[in-house]
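Student: Fold the following for me, if possible:
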Amino acid sequence: MTPLTPHRARQVFLLLTLTRWFPVGLVVTVTTLLPIERGLSVPQALTALSVGGFVVFALELPTSGLADSLGRRPMLVAAAVLQVAAAALFLTAQSFWAFALAAAVTGVFRAVDSGPLEAWFVDTVHATEPGSDVDRPLAAQGTVMGVAIAAGALVSGALVWWHPLSAWSALVLPYAVYGALSIVHLVAVVLLVREAPRGPAATPPSGERKAAARVLDSARQAPGVVRDGLRLARDNRVLRWLLIVEVFWSVGMVIFETFQPIRLSELLGGTQAGAAVSGPAAAAGWAVFAGGAALTGLATPRLGVARTAIVARVLNGLGTVWMGLALGPVGLIAAYLVTYGLHGACGPAYQALLHREAESRNRTTVLSMASMLSFAAYSLAAPALGWTAGLLSTQAAMVIGGVFSTLGALCFLPALRRERMLSGRVPRMSGTLAR
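Tutor: Model prediction:
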């Protein structure tokens with residue numbers, strides 16, 4: 001199969017980013033507030049939702065190994081199907097265990113979805129332009145993702161404010177629309193993603209090979225791909241520290257994604273009031289996220305990829321602390337916007353550093369190792385900070401998480417040293433640079 005041109009691959013990559021993330025914008029604030037409205041406490045809600053992160057942690061490497069051996073397209077289709085199922089479960093959940101089940105299915109979806117689209121794009125570009133850097137297309141993807149989620153969050157706030165169906169809670173309609181648009185994304189993936197067969201499927205054997213046999217052949221290869229990825233993380237010092245960045249970053253994400261609507265609801269006096277304001281606030285946040293991602297594309301040629309990542313990580317962590325110290329809704333939203341813009345600036349530089357350490361045979365696995373650590377850290381931090389909020393206060397939990405998140409900038413130092421060596425600014429050492 002003839003690969004797509006880099007230009008066409010970029011178009012598909014950005015379009016599928018739009019169809020994947022616009023629905024997420026519809027529920028970015030509702031996901032936390034709906035369980036609370038249906039009777040769960042803040043610690044209970046965060047504990048139930050954390051189940052999804054543990055599921056991702058368990059499945060990230062097996063599913064990424066399958067994606068690297070079987071192919072990206074089958075995994076993207078499976079992920080899109082699971083997204084529809086997760087939406088239906090969350091929409092109908094009424095108890096702690098029902099929300100935990102919905103979170104678990106969401107975790108399966110995210111594990112399968114983690115990495116294949118980005119890996120498909122990079123491999124498609126490298127098929128005709130071997131070794132080319134992808135920091136600018138990734139920055140463009142960050143911009144599209146930010147705009148998509150911003151638009152979705154704005155629509156979500158409008159739907160909550162409109163509340164046309166009095167028989168439903170105002171928080172339900174955004175999730176219903178999310179489920180419908182997830183079906184649209186599934187159709188887009190089926191129609192647009194083209195990929196040459198990988199592994200044993202690339203050389204057809206005598207006779208017809210059934211789809212089930214191809215999956216089994218690829219599944220047998222998956223453990224080896226996973227082992228190679230784990231060995232790479234063990235032996236590659238730069239990659240190892242880049243992966244650890246996810247622990248610090250994820251703790252900050254608990255604050256500016258999960259605690260922001262909770263704190264805003266406290267300041268405004270209720271979950272529906274909080275959701276109505278959180279929607280436009282999240283829309284603005286993802287708009288500045290897009291701007292932050294775009295600025296990264298301008299900053300990396302001047303500052304370098306690693307230095308850009310360090311600056312963005314420090315400022316993002318400090319912005320999270322500012323959110324915890326804010327005393328009113330205006331101050332909280334202002335801090336949130338600054339923090340989210342810096343969150344957008346972190347992503348493209350970080351992903352570009354990961355891709356420098358990966359190859360086609362393990363690219364999805366490397367991305368999934370980062371995602372796996374992110375979800376594990378998030379799932380441990382969310383209930384821990386939730387119980388901290390219960391014992392102390394929401395603000396105290398936010399400040400503690402923000403201070404911890406800032407320390408993650410130190411994990412970029414090996415990548416900075418590697419970048420200097422590769423650019424010739426310091427003498428090249430003998431031996432493998434990554435060690």
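Student: just to confirm, which helix or strand has the nearest residue to residue 47 once chain neighbours are set aside in it?
Tutor: Nearest residue to residue 47, sequence neighbours excluded (CB to CB, 6 or more residues apart in numbering): residue 383, at 4.4 Å. Every residue, glycine included, has its C-beta placed from N, CA and C. For residue 383, the element it lies in under DSSP states H and E is helix 363-391.
Student: buried sites along that helix?
Tutor: Buried positions in helix 363-391, judged by neighbour count with 16 or more other CB atoms under 10 Å: 363-386, 388-389.
Student: repeat for stretch 13-33
Tutor: For stretch 13-33, burial by neighbour count (16+ other CB under 10 Å) applies to 13-14, 16-33.
Student: So which residues of the stretch 1-150 of the chain form helices?
Tutor: Ranges of helices in the stretch 1-150 of the chain, per DSSP state H, counting those that start in this stretch, are 6-27, 30-37, 42-70, 72-92, 96-113, 116-128, 135-162.
Student: And the second one, what does it pack against?
Tutor: Put plainly, it is helix 30-37. helix 42-70, helix 172-192, helix 260-268, helix 271-303 (3 or more CB pairs under 8 Å, 6 or more residues apart in numbering; DSSP states H and E).
Student: So what touches it?
Tutor: For helix 30-37, the external contacting residues (CB atoms under 8 Å, 6 or more residues apart in numbering) are 42, 44-46, 48-49, 90, 93, 99, 156, 160, 169, 171-172, 174-175, 258, 261-262, 265, 271-272, 274-275, 278.
Student: I'd like the average pLDDT over stretch 317-337.
Tutor: For stretch 317-337, the mean pLDDT works out to 91.
Student: Quick one: mean pLDDT for the helix or strand harbouring residue 227?
Tutor: Take DSSP H and E as the rule and residue 227 turns out to sit in helix 211-235. Mean pLDDT, computed over helix 211-235, is 62.
Student: got it, and stretch 376-383?
Tutor: Averaging pLDDT along stretch 376-383 gives 87.
Student: what's around residue 165, how many residues?
Tutor: Residues near residue 165, counting by other CB atoms under 10 Å, number 12.
Student: Nearest spatial neighbour of it, chain-adjacent residues omitted?
Tutor: Using CB to CB, 6+ apart, the closest residue to residue 165 is residue 173 (6.4 Å).
Student: Just to check, the one you found is in contact with residue 164?
Tutor: Yes: under the criterion of CB atoms under 8 Å, residue 173 makes contact with residue 164 at 7.4 Å.
Student: can you pull the contacts of residue 102?
Tutor: By CB under 8 Å, 6+ apart, the contact set of residue 102 is 86, 89, 90, 93.
Student: how near is the third one to residue 26?
Tutor: Spatial separation of residue 90 from residue 26 under the definition CB to CB, to the nearest Å is 12 Å.
Student: okay, and the common contacts of these two?
Tutor: In terms of CB under 8 Å, 6+ apart, residue 90 and residue 26 are both contacted by the residues residue 175.
Student: re earlier: the more surrounded of residue 173 and residue 164?
Tutor: Counting neighbours by other CB under 10 Å for residue 173 and for residue 164 shows that residue 173 has the greater number, 20 against 8.
Student: which outside residues touch stretch 287-307?
Tutor: 135-136, 139-147, 149-150, 308, 311-312, 337-338, 340-349, 352-353, 412, 415-416, 418-419, 423.
Student: nearest to residue 398, of the helices of the stretch 1-150 of the chain?
Tutor: Residue 398 lies closest, by CB to CB, to one member of the helices of the stretch 1-150 of the chain: helix 42-70, at 12.5 Å.
Student: same for the closest one, what does it pack against?
Tutor: Packed against helix 42-70 by the contact rule (3+ CB pairs under 8 Å, 6+ apart) you find helix 30-37, helix 72-92, helix 96-113, helix 116-128, helix 211-235, helix 363-391.
Student: And the third one, what's buried?
Tutor: Neighbour counts using 16+ other CB under 10 Å place 96, 98-113 of helix 96-113 among the buried residues.
Student: Export only the CA atoms of it, formatted as CSV.
Tutor: The C-alpha trace of helix 96-113 is given here as CSV (Å, rounded to 0.1, in the frame of the first residue of the first chain):
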residue,chain,number,x,y,z
PHE,A,96,-19.9,4.6,43.2
TRP,A,97,-19.4,1.2,41.6
ALA,A,98,-21.3,2.2,38.4
PHE,A,99,-19.0,5.2,38.0
ALA,A,100,-16.0,2.9,38.8
LEU,A,101,-17.1,0.6,36.0
ALA,A,102,-17.5,3.5,33.6
ALA,A,103,-14.0,4.7,34.6
ALA,A,104,-12.6,1.2,34.0
VAL,A,105,-14.0,1.0,30.5
THR,A,106,-12.7,4.5,29.8
GLY,A,107,-9.3,3.3,31.0
VAL,A,108,-9.4,0.4,28.5
PHE,A,109,-10.3,2.9,25.8
ARG,A,110,-7.5,5.3,26.7
ALA,A,111,-4.9,2.5,26.9
VAL,A,112,-5.9,1.3,23.4
ASP,A,113,-6.0,4.9,22.1
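Student: which one among the contacts of residue 102 gets closest to residue 327?
Tutor: residue 90 (32.9 Å).
Student: Residue 44: neighbour count?
Tutor: By other CB under 10 Å, the residues close to residue 44 number 18.
Student: nope, residue 62 is what I was after
Tutor: With neighbours defined by other CB under 10 Å, the count for residue 62 comes to 17.
Student: repeat for residue 168
Tutor: Considering only other CB under 10 Å, residue 168 is surrounded by 13 other residues.
Student: ok, it to residue 91 distance?
Tutor: Remark: distance between residue 168 and residue 91 (CB to CB) = 10 Å.
Student: what's the answer for residue 146, then?
Tutor: Residue 146 sits 26 Å away from residue 91, going by CB to CB.
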